[in-house]
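1. Show me the folded form of this:
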Amino acid sequence: MKSLEVTKLRADEADKEGIHSDLSGYHGKGLYSGQGRLIYTNDGEHGSEALKDPTIPSGCLAEWDGKAEKWTVVRRAQFADVTGPGGI
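-> Numbering: from 1, shown residues only. Alright, predicted model coming up:
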């Protein structure tokens, strides 16, 4: 690390402009970096059906290797956080 300058790679779902990740869910919860991967968790779901039916899949656990154009969804479910071997 040479500076504390921020490089925005993806736009937050609340931002109208920028490159979006196109992940299911919209309420970011946890982020972890290790073993050459960036791991991200979220919950929530776009659309009115998710507000009415609690069985609708919502949120996800996803990983990105920093090279791929898209995130890889590991599992569709609501996640509250993510941590590594050392715990929270």
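2. Any idea how many residues pack against residue 27?
-> The number of residues packed around residue 27, counting by other CB atoms under 10 Å, is 13. Yep, even glycine has a C-beta here, placed from its N, CA and C like the rest.
3. list the contacts for the residue nearest to it when sequence neighbours are not counted?
-> Nearest-residue entry for residue 27: residue 44, 3.9 Å, with adjacent residues in sequence omitted and distances by CB to CB, 6 or more residues apart in numbering. With contacts defined as CB atoms under 8 Å, 6 or more residues apart in numbering, the neighbours of residue 44 are 25-27, 50, 58-59, 78.
4. ok, now with 10 Å
-> Shown in contact with residue 44 (CB atoms under 10 Å, 6 or more residues apart in numbering): 13, 24-29, 50, 58-59, 78.
5. List the strands paired with the helix or strand where residue 29 lies, with their directions.
-> In this assignment (DSSP states H and E), residue 29 forms part of strand 27-34. Paired strands of strand 27-34, with direction, are strand 37-43 (antiparallel) (DSSP bridges).
6. What are the buried residues along the partner strand?
-> Using 16 or more other CB atoms under 10 Å as the burial criterion, the residues of strand 37-43 that qualify are 39-43.
7. And the following helix or strand past that strand, how far out from the chain middle?
-> Tracing the chain past strand 37-43, the next element assigned as helix or strand by DSSP H and E is helix 49-52. Its chain's C-alpha centre lies 21 Å from the corresponding centre of helix 49-52 when counted by CA atoms, centre = their mean, to the nearest Å.
8. Equivalent analysis for stretch 28-45, please.
-> Average the C-alpha atoms of stretch 28-45, do the same for its chain, and the two points are 5 Å apart (CA atoms, centre = their mean).
9. mean confidence score for that stretch?
-> Computed over stretch 28-45, the mean pLDDT rounds to 89.
10. Only C-alpha atoms, please: export it in CSV.
-> Only the C-alpha atoms of stretch 28-45 are listed here, as CSV (Å, rounded to 0.1, in the frame of the first residue of the first chain):
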residue,chain,number,x,y,z
GLY,A,28,-24.4,-5.0,2.1
LYS,A,29,-23.5,-6.7,5.3
GLY,A,30,-19.9,-8.0,5.4
LEU,A,31,-16.7,-7.9,3.4
TYR,A,32,-13.6,-10.1,3.9
SER,A,33,-10.4,-10.3,1.9
GLY,A,34,-8.1,-13.4,2.0
GLN,A,35,-6.6,-16.1,-0.2
GLY,A,36,-6.7,-13.9,-3.2
ARG,A,37,-10.5,-13.4,-3.0
LEU,A,38,-12.8,-10.7,-1.9
ILE,A,39,-15.8,-12.2,-0.1
TYR,A,40,-19.1,-10.2,0.2
THR,A,41,-22.4,-10.8,1.9
ASN,A,42,-25.7,-9.1,1.8
ASP,A,43,-29.4,-9.5,2.4
GLY,A,44,-32.6,-8.0,1.0
GLU,A,45,-34.1,-8.4,-2.4
